[in-house]
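J.: Quick one, fold the following:
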Amino acid sequence: MSLKKIAMFNVFNAKEFFLKKKLLFTGHDVLFDENKNEIGLKYKILIVEDETNYGKDKNNGEDLIGLNEGELLVVKVHGNTNSVDIKRLAHVKLVNPIAKIYGEYSNNLSLVADNVITVESKS
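T.: Predicted coordinates:
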């Protein structure tokens, strides 16, 4: 059986996903459309801390925390092609992120946000 259009029912709560994560800016590239026109920026964001509890490990019963630490995200921001005023390795947050799960094993994330902004680090 091969169902059609079932992915449209797969909702990803980006706000909840990023709630307990510390993100660092590592760089950016220009975002182009299919005609090679500049349409925005692609921000490279590293998850350096992940305090999300993903449930229990089925083997030892321990809480699964920190599963996505070290993962690099690419966040597309449409509209702004100006230079980025964020220092490398600055603590950042995504403004109004929207994410879609994709891939054969549903383990990839396509991310779009209104902006990426610097936030004060909590020491």
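J.: what ranges do the strands span in the protein?
T.: Ranges of strands in the chain, per DSSP state E, are 21-32, 38-50, 53-56, 63-65, 72-78, 91-95, 98-102, 108-112, 115-118.
J.: so which of those gets nearest residue 2?
T.: strand 98-102 (16.7 Å; Cβ to Cβ). For glycine as for every other residue, the C-beta is placed from the backbone atoms N, C-alpha and C.
J.: Just checking: what are the partner strands of that closest one?
T.: strand 108-112 (antiparallel) (DSSP bridges).
J.: In the chain, where is pLDDT below threshold?
T.: 1, 121-123 (pLDDT under 70).
J.: Tabulate the strands of the chain in CSV, adding columns for distance to residue 14.
T.: Formatted as CSV, those follow (distance: least, Cβ to Cβ, whole Å):
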stretch, distance to residue 14
strand 21-32, 11
strand 38-50, 13
strand 53-56, 16
strand 63-65, 19
strand 72-78, 10
strand 91-95, 8
strand 98-102, 4
strand 108-112, 7
strand 115-118, 13
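J.: would you turn those strands into JSON lines with mean neighbour count and distance to residue 4?
T.: Converted to JSON lines, the strands of the chain look like this (neighbours: other Cβ atoms under 10 Å; distance: least, Cβ to Cβ, whole Å):
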{"stretch": "strand 21-32", "mean neighbour count": "17", "distance to residue 4": "29"}
{"stretch": "strand 38-50", "mean neighbour count": "18", "distance to residue 4": "29"}
{"stretch": "strand 53-56", "mean neighbour count": "11", "distance to residue 4": "30"}
{"stretch": "strand 63-65", "mean neighbour count": "12", "distance to residue 4": "33"}
{"stretch": "strand 72-78", "mean neighbour count": "17", "distance to residue 4": "26"}
{"stretch": "strand 91-95", "mean neighbour count": "18", "distance to residue 4": "31"}
{"stretch": "strand 98-102", "mean neighbour count": "15", "distance to residue 4": "16"}
{"stretch": "strand 108-112", "mean neighbour count": "16", "distance to residue 4": "20"}
{"stretch": "strand 115-118", "mean neighbour count": "16", "distance to residue 4": "35"}
